[in-house]
Every structure is written in structure tokens, then in C-alpha cells.
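In: Starting from these lines, generate the structure:
(chains A and B, ligands or ions: 2)
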Amino acid sequence: MNKIIEYDSITKSYNGKVILEDFSLDIMEGDFLCIVGTSGSGKTTLMKMINGLIVPEKGNIFIGGRNIKDENLISLRRKIGYAIQGNSLFPHMTVFENISYVPKLEGKKEEELSEIVNETMKLVGLPDDIKEKYPSQLSGGQQQRVGIARAYANNPKILLMDEPFGAVDSITRFHLQEDLRSIHEKTKCTIIFITHDIYEAFKMGIHILVMNNGKIEQYGRKEEVFKYPKTDFVKNLIAMAKLS
Amino acid sequence: MIQKILNEFSVNFHFYMKLLAEHIGIIAVSISIAVVVGLWIGILISKKPKLANYIISVVNIVYTIPSIALLGFLISLTGIGNTTAIIALTIYGLLPIVRSTYVGITTIDPSIIEASQAMGSKELQILYKIKLPLAFPVIFSSIRNMVIMTVALAGIASFVGAGGLGVAIYRGITTNNEMLILVGSIIIALLALVLDGILGIFEKLVLSHKLKKIGYKRFTAVIVAVIVGLTTILVTQKSSKDTIEIASKPTSESYILAEIAGELIMNETDLDVNITHGIGGGTANIHPAIEKGEFDIYPEYTGTSWQIVLKKDENYTNDKFETLNKAYEESYGLTWRGLLGFNNTYSLGIRKELADQYNIETFSDLAQFANQFTFGAEYDFFEREDGYKALMDAYKLNFKKVRDMDNGLKYQALFDGKLDVMTVFTTDGQLSDSRIKILRDDKEFYPKYIAGFVIRKDIIKKYPELEEVFKKLENSISEMDMAEMNYRVEIGKESPRDVAISFLKDKGLWRDKDE
Ligand SMILES: Nc1ncnc2c1ncn2[C@@H]1O[C@H](COP(=O)(O)OP(=O)(O)O)[C@@H](O)[C@H]1O
Ligand SMILES: [Mg+2]
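Out: Numbering: from 1, shown residues only, chains lettered A, B, ... in the order given. Ligands and ions are numbered 1, 2, ... in the order given. The predicted structure follows:
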């Protein structure tokens, strides 16, 4: 497997408080990486560096071997899907308009857009008849699926998901998890998935990254992390996963 | 009442329609500029919270300036006319838009904006695809309020010589004609209601997403076309070349004199005339405007010019006319023409029967019998330095009883016998009543306010035919004539123009032209 994302000695602080220091990490192409860790440990910060929403003070980030400092951020972002917790759908746009948002920015024609929306909706398991509805008219689960569809619509190489299922009930979450796994199998897109639910991480991930206080506690294939937890912090987490 | 209003409206239909068109033109321009600039500033400061605090405070302070004060202040910068009105209305309109744009944008859920950013939208795309549509309800409701406010506020714009329905209201106030005020106000109210209705429908269409089907682009194009159309009407309205611009002060008498000059010019020459009636502040504002060339002619009083323009302390008397006119020609490029012959000044009036009984003609005659009479004047006459006391000293007057009296009630009090003698203006409309007699100021205690016309010298040079017109007007109006014309406008509710024309006909100055 090839490296698709590489953090190279990253340092980031907010208002003088260091969050990440000399942080390095490689992420493999086609991976499903789950990041778990305490709240405030820097997971979101790490993720937002990939599409340049947050810029590190020191260090470099490479995507496909190219330093993102030298890339056009606009076109880079259009190739990176982004789905976050809660409802970040555009409330004034229909399901169709939400999903076709990026392809439309890319200048795709109306017929192409229709085709893309149809395919993507099928992929994420959305019924055809909600296309003209507005987000407020959808159930919580449907809204999350539209969020995923919107992130997928422009055929991204990388999909960033920050606690995407944090706000839905457990049954809906179960179905969403199942479906996201099969989408990953179908598309082979690299998924980086932040969750605070260790059970979810082990269910979904290929690799697991455990973060605590801006430091890596452990990074490896999930079987390896599960069998050989490196630190007490990871051991505690796994004990919790077994309980749930 | 309703019958009267409808009647007034239908008789002067064209007058009101012209004012309505001007009103719509002025507010359309002001509102468009306010919305465009307000949005722009609001968007700009929505990214700079520090600057925003500062700007919003400034905006709030400006908003508390009374409109009359702002208009008065602007006159000294931008002169008289539609431009000043549009600037003032734009300033007031700007403020709510800036504030609501700022609030509308900054209260959007930041995760939505971040999502659009993360998906690769450019700044401008975030603005018009996400921020503006989401801030729309907040911004639009402030636009709606602002439009109503502007429609109403434009009503006072005629104070600075702008057109619009305020002209009717202001003329109604200054000539004591309630019908004009009423009809002008009703049309303004209706205009506000109609516009609010249209905006309400538009808002509903947008919020229920129905407008998307019509297409925003097509819709915007229509709006822009309408506004551009109205603006060009407004701009081109004024620029035809051979039009003489006449101004008048906000008094019935000034209106009538301006109409007399205007009608006679149009009757005698091929020139066109445009009259801007009732410039607020009178001489103080018209003089600078005519100097700049915004107006060509206006009716004025020698005594007023002497005091206000030339700033002389001593009283104006008729032998000073040469000095006055010379100063006008040399310092301002203006000249006096058509001295009408009447003197609009303070004087004393006495009940006719008493004048006959005691054979009183002059102020000095009055002094002999004053101790038998009750004297009345408005409150401020007793306060002013050149008022009651000065007059009493000058003529050694000593009344039996002295009362202060509201100006509007004075005449009735005299007719009812509650007063015997009172202060008057020599051309007061009610002086044409036969129950009162004016006394002669035989010691020239009061300055002379001889009415005439101030004209730009270059206009006389350019249109020499004007000389002839104003020669005809010389010494053509007596104090009685003027009082009678004022009476017809203020009490008889005739329009100044009708009174002017009938005056010209009576004097044999009017030539019937068959078209
Ligand atoms: N914009 C910001 N300004 C200041 N502090 C921030 C900002 N964003 C995050 N932080 C701080 O940085 C730390 C890491 O945040 P984050 O990456 O969001 O953690 P996680 O996603 O793991 O909960 C937290 O302590 C958070 O309070
Ligand atoms: Mg987070």
C-alpha cells in the first residue's frame, strides 16, 4: 500500500497553548482509519489540516506525495469529501442541490448533475423521492446520509468524517455504520473517521489511531491494537469497548 | 370629507401623479444605493469583528441625528434639490441594512460556512451561495422596514427643494391648506402600503422557495431594469435647456409672487419655467443656491436682503436701494428687478370704527388716544428687543391695557372688540377685511420690506426679453392687492397659480394665446 497522507513534524498551538508538537504520521491509500481519543486531544485539528482549514505553524503535510502548501487549496478541497457531526447541510438547498453542490462548483451540466445525484443517492441508500425536499423535512438518519452523499458526490480520493454519527440514535447509527463500510468496500476511497466511541472505531476501522493530549498512544491495525495495547490508556479504552 | 378629498385628487390629478412619480424616483434611487452600499459594508465588516463594533457604533450615532438637522446640514454641502434629498435618504437607509447584513451573516451556524469552505467554495461563492441566502430573512425584513421609512421620510425632502409628495404637504402647511396636506399624506401612506405588500409577497415567494422556479437571474434583471428606468426619468427630467428655475420661500406670498413671475414669463416669452416652491430656511438657503446657479429667479424683500445677505445693522429705508442693488451686482452676480411696490412689514391695525371716530391715520395720531385702547400682539413681540418696548418709546405710546394673543386668533379678537389695536403684517390676508384699518408708520420705525425679484445677471443677459417682463410687474401690486391674494390662498384655499393668473388678467397683463 502507498502512503496517501503524510504528516511531517507538525506543530500547532492555539493562543500560545501547544496542541500538537513534532507530530508525524503516515496514512495509507484505501485505508479506513479510525481516530479515537479523549475530547480535546487534537483529533479535529489533525483532520482539518488535511484540507487546509487549519494550517500548522511548523512542519509539512503531503497528499499523494505533494506538499499542500504548493497546491491550489480550492481544487484540493473539491477532491476531499467532508462530513461532520450534526447538521451542516445547507438548509436553504434541496437534497438535490446539497448533493450536487461540489460537482456544480466544478461546472458540471444539469444532466450530469442529475446522473451524479442519482448514483450517489443509490450508493448511500437514499430513496429517490426526497430529492426536492429540504433538510428540515428529513429524519436525522436521512440527513446524515445526505451529508455522506454530498461528501461523496465529486468522487473524492479522501473522505474526512468528524464524528458523523454522533447525533443519531443507536439503531440508525448501526445501519449507517453498516452502510458506510460497504460504501468503503465499493469505492476504495481513503476514509479518515473520528469517533469518541471506541466500539464504533473497532467495528469500522482497518487501522486505529489512539490520541491522548496531542500525543499518539498507539497506531496500528485494529487487531494488533486490540490484542497488544501498548499503554494503560489504550488498555482502558479496550476494556470499555468490551463492556459495550 | 371623503368627497372633498376625492374631488381635490381628481381636480389636481396630474399634479399629484407628477409628485408621485418624483417620489417613487427619489426613493428608488435612495433605496437602491442604500441596499447595495449597505450590503457591501455589512459584508465587509462581518469578517472584521473589531472594525464592525466601531462602524456599528458610528452608524447608531448617525441614526440619532434628526432628519431635519441632517437635511439642513447637507444643504450647506450639496445645495438644494433632489441630490441632497437622495443623500440624506441613502444615509438613513444605509444604517439598518449595514446592521442587519452584519447580524444576518455573523449569526449563521459557523459549521455550515466551514462545510462550504471545506468543500472548495471560493470566498465569493460562499458569499452568494451560502451567506447571503441564509442571512436573507434578516436582511430582507430590514429592507422592508427601511423602504417604508424612506417613503415617509422622502415626504420631508421637499424642505430642501426636492420633488415628491412632500411638495404637496409642505405647500399645504405654508399656505394653510389642509386638503393639500391630507391628499399628499394619503398618497404617501398608500404608496407605503402597496410597496410593503409587494415586498411581503416577494419575501413569501423566496422563503417558500417558489422564486427559484422563476429564476433569480431573470427576476434580478427585471428589478434592475425598473430602477434604471426610474433613475433616468428622474435625471433627464431636469436637464432641458431653456428653462428658467424659480424658487420661492415657504410662505403663501412667496408662492404667489413666484407664480406671477413664472406665468408672466411663459405668457410673454418662449421660455419654460420650473418653480421649486417653499425652500426651507428661506433667504438663508435660497441665496447661496441662486448664487451657485441652481436657481435663476426668486421673490425677495429688500429689508430682508439688507439684514440677512448684506448683514447691515441699521434699518433698511427706500433710499438705500441703490446701495443694495450695487452690492448684489458686484458681489453676487445678481440684480434686483420688478420692485412690485408693496411693503410687507410690521404695522399696527385698528378697528375701523375707532379710526373713523377719532380720525386716526398714523402711529402718531394713535399716540394721542392710546390710553383709551386695548393693545394686542403675539407673545414674542413682547420679548423681542425691537418689539413692544422700542415701539412704545419711539411713538410715546401708552395703552390702557395690553394682552398677548396667539397670531391666529388676533384678527377675530379685534373684530369681536376684545382688542382695539394690534400688530399686523401689512399684507396679511385678513387685512382685506373692511373692519380693520392699517395705520401709517410716519416715523419709519419699521424697516421697509419692499417685494421684488432677485435675478441672476447672466440670465438677464442671455434672455433679454426678461427685462420687459419684469418692467411690466413694477409697481403693479399694492399692499391691499397682496393681502387680498394671500386671503384667497390661505382662507379661500385657491391654488397660488390660479390666484396669480387671475391677478395678471385683472391687471391686463395676461395675453390670451390661441394655441
Ligand atoms: N480555534 C481554536 N482556538 C483556540 N483553541 C482551540 C481552537 N480549536 C481547538 N482548540 C483547542 O485545541 C484543543 C484540541 O482541539 P480539537 O482538535 O478540536 O480536539 P478534539 O477534536 O480531539 O476534541 C482543545 O483543547 C481545544 O480547546
Ligand atoms: Mg473534535
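In: which residues touch the helix or strand of chain A with the lowest mean pLDDT?
Out: The helix or strand of chain A with the poorest confidence is helix A:232-243; it has a mean of 84 (mean pLDDT, DSSP states H and E). Under the contact criterion C-beta atoms under 8 Å, 6 or more residues apart in numbering or on different chains, helix A:232-243 has outside partners A:36, A:198-199, A:201-202, A:210, A:212, A:217-218, A:225-226, A:229. Just so you know, the C-beta spots here come from the backbone N, C-alpha and C atoms, and that holds for glycine as well.
In: Only alpha carbons, please: show that helix as CSV.
Out: Coordinates of the C-alpha atoms in helix A:232-243 are reproduced here as CSV (Å, rounded to 0.1, in the frame of the first residue of the first chain):
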residue,chain,number,x,y,z
ASP,A,232,-2.6,1.8,30.1
PHE,A,233,-4.6,4.4,28.3
VAL,A,234,-5.3,2.0,25.4
LYS,A,235,-5.9,-0.9,27.7
ASN,A,236,-8.6,1.1,29.5
LEU,A,237,-10.2,2.0,26.2
ILE,A,238,-10.4,-1.6,25.1
ALA,A,239,-11.8,-2.7,28.3
MET,A,240,-14.6,-0.2,27.7
ALA,A,241,-15.2,-1.5,24.2
LYS,A,242,-15.5,-5.0,25.6
LEU,A,243,-18.1,-3.8,28.0
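In: hmm, who's touching the lengthiest helix in chain A?
Out: Among all segments of chain A classified by DSSP state H, the helix with the greatest residue count is helix A:170-187. In this structure, residues lying in contact with helix A:170-187 by C-beta under 8 Å, 6+ apart are A:32, A:123-125, A:139-141, A:144-145, A:148, A:152, A:164-165, A:168, A:191, A:200, A:203-204.
In: Which ones among these map onto strands?
Out: Within the contacts of helix A:170-187, membership in strands is found for A:32, A:191, as judged by DSSP state E.
In: Inside helices: which ones of the contacts of helix A:170-187?
Out: Using DSSP H, the subset of these located in helices is A:123-124, A:140-141, A:144-145, A:148, A:152, A:200, A:203-204.
In: For the residues you listed, which PyMOL command selects only the ones that are buried?
Out: Typed into PyMOL, the line below selects the buried ones among the ones in helices among the contacts of helix A:170-187, using 16 or more other C-beta atoms under 10 Å in any protein chain shown:
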select buried, chain A and resi 123+124+141+144+145+148+152+200+203+204
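In: quick one, what contacts residue A:146?
Out: Contacts for residue A:146 (C-beta under 8 Å, 6+ apart) come out as A:89, A:95, A:98-99, A:124, A:126, A:135, A:138.
In: if we go to 10 Å?
Out: With contacts defined as C-beta atoms under 10 Å, 6 or more residues apart in numbering or on different chains, residue A:146 is in contact with A:83, A:87, A:89, A:94-96, A:98-99, A:120-121, A:124, A:126, A:130, A:133, A:135, A:138.
In: So which of those residues sits lowest on pLDDT?
Out: Sorting the contacts of residue A:146 by pLDDT puts residue A:87 at the bottom of the list (69).
In: In contact with residue B:93, which residues?
Out: Taking C-beta under 10 Å, 6+ apart, we find residue B:93 in contact with B:27, B:30-35, B:37-38, B:86, B:142-143, B:146-147, B:149-150, B:153.
In: before we move on, the earlier item: among the contacts of residue A:146, which are in helices?
Out: By the criterion of DSSP H, membership of the contacts of residue A:146 in helices covers A:95-96, A:98-99, A:120-121, A:124.
In: Taking those, tell me the two that lie furthest apart.
Out: A:96 and A:124 (13.8 Å; C-beta to C-beta).
In: Of all residues in chain B, which one is closest to ligand 1?
Out: Here the residue of chain B nearest ligand 1 is residue B:110; by C-beta to the nearest ligand atom that distance is 10.4 Å.
In: how about the nearest residue to residue B:96, chain neighbours excluded?
Out: Nearest non-adjacent residue to residue B:96, counting by C-beta to C-beta, 6 or more residues apart in numbering or on different chains: residue B:142, 4.4 Å away.
In: May I have stretch A:94-114 as CSV, with CA atoms only?
Out: Coordinates of the C-alpha atoms in stretch A:94-114 are reproduced here as CSV (Å, rounded to 0.1, in the frame of the first residue of the first chain):
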residue,chain,number,x,y,z
THR,A,94,-32.9,20.9,-1.6
VAL,A,95,-31.4,17.4,-1.2
PHE,A,96,-30.5,17.5,-4.9
GLU,A,97,-28.8,20.9,-4.5
ASN,A,98,-26.9,19.8,-1.4
ILE,A,99,-25.6,16.7,-3.1
SER,A,100,-24.7,18.3,-6.4
TYR,A,101,-23.0,21.3,-4.6
VAL,A,102,-19.4,20.4,-5.4
PRO,A,103,-20.0,19.0,-8.9
LYS,A,104,-21.9,22.2,-9.7
LEU,A,105,-18.9,24.3,-8.5
GLU,A,106,-16.8,22.2,-10.8
GLY,A,107,-19.1,23.4,-13.7
LYS,A,108,-20.9,20.2,-14.4
LYS,A,109,-24.0,20.5,-16.6
GLU,A,110,-27.6,19.8,-15.4
GLU,A,111,-27.9,16.3,-17.0
GLU,A,112,-24.5,15.2,-15.5
LEU,A,113,-25.6,16.6,-12.1
SER,A,114,-28.8,14.5,-12.3
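In: how far out from the middle of the chain is that stretch?
Out: 21 Å (C-alpha atoms, centre = their mean, to the nearest Å).
In: How about the residues of chain A by ligand 1?
Out: A:14-15, A:19, A:37, A:39-45 (C-beta under 6 Å from any ligand atom).
In: Poorly predicted segments of chain A, please.
Out: Residues of chain A meeting the criterion pLDDT under 70: A:1, A:86-87, A:244.
In: Residue B:443 touches residue B:390, doesn't it?
Out: No - here residue B:443 lies out of contact with residue B:390, judged by C-beta atoms under 10 Å, at a distance of 11.8 Å.
In: all strands of chain B, in order?
Out: For chain B, the strands identified by DSSP E occupy B:243-247, B:272-276, B:297-301, B:334-337, B:346-351, B:374-377, B:401-404, B:421-425, B:436-438, B:451-456, in order along the chain.
In: Parallel or antiparallel, list what pairs with the last one.
Out: Going back to what we said before, that points to strand B:451-456. With DSSP bridges as the test, strand B:451-456 is paired with strand B:297-301 (antiparallel), strand B:334-337 (antiparallel).
In: again with the fifth one
Out: Each strand pairing with strand B:346-351, determined using DSSP bridges, is listed with its direction: strand B:421-425 (antiparallel), strand B:436-438 (antiparallel).
In: if you compare those, which one is most tucked away?
Out: The highest mean neighbour count among the strands paired with strand B:346-351 belongs to strand B:421-425 (a mean of 22), with neighbours defined as mean count of other C-beta atoms under 10 Å in any protein chain shown.
In: chain center to that one, what's the gap?
Out: Here the centre of strand B:421-425 is set off from its chain's centre by 28 Å, with C-alpha atoms, centre = their mean.
In: thinking again about what came up before, using ChimeraX, make a named selection holding only the buried ones among the contacts of residue B:93.
Out: The buried residues among those can be selected in ChimeraX (16+ other C-beta under 10 Å) with this line:
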select /B:27,30,31,32,33,34,35,37,38,86,142,143,146,147,149,150,153
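In: ok, back up a step: looking at the strands of chain B, which is buried most?
Out: Neighbour counts (mean count of other C-beta under 10 Å) averaged over each of those peak at strand B:297-301, with a mean of 27.
In: angle of that strand against strand B:272-276?
Out: In terms of direction (axes from the mean of the first three to the mean of the last three C-alpha atoms, to 10 degrees), strand B:297-301 departs from strand B:272-276 by 50 degrees.
In: In contact with residue 104, which residues?
Out: Since no chain was named, I'll use chain A. By C-beta under 10 Å, 6+ apart, the residues touching residue A:104 are A:97, A:110, A:112-113, A:116, A:153-154, B:125, B:129.
In: that's the wrong chain, I meant chain B
Out: By C-beta under 10 Å, 6+ apart, the contact list for residue B:104 reads B:39, B:42-43, B:46, B:131-132, B:134-142.
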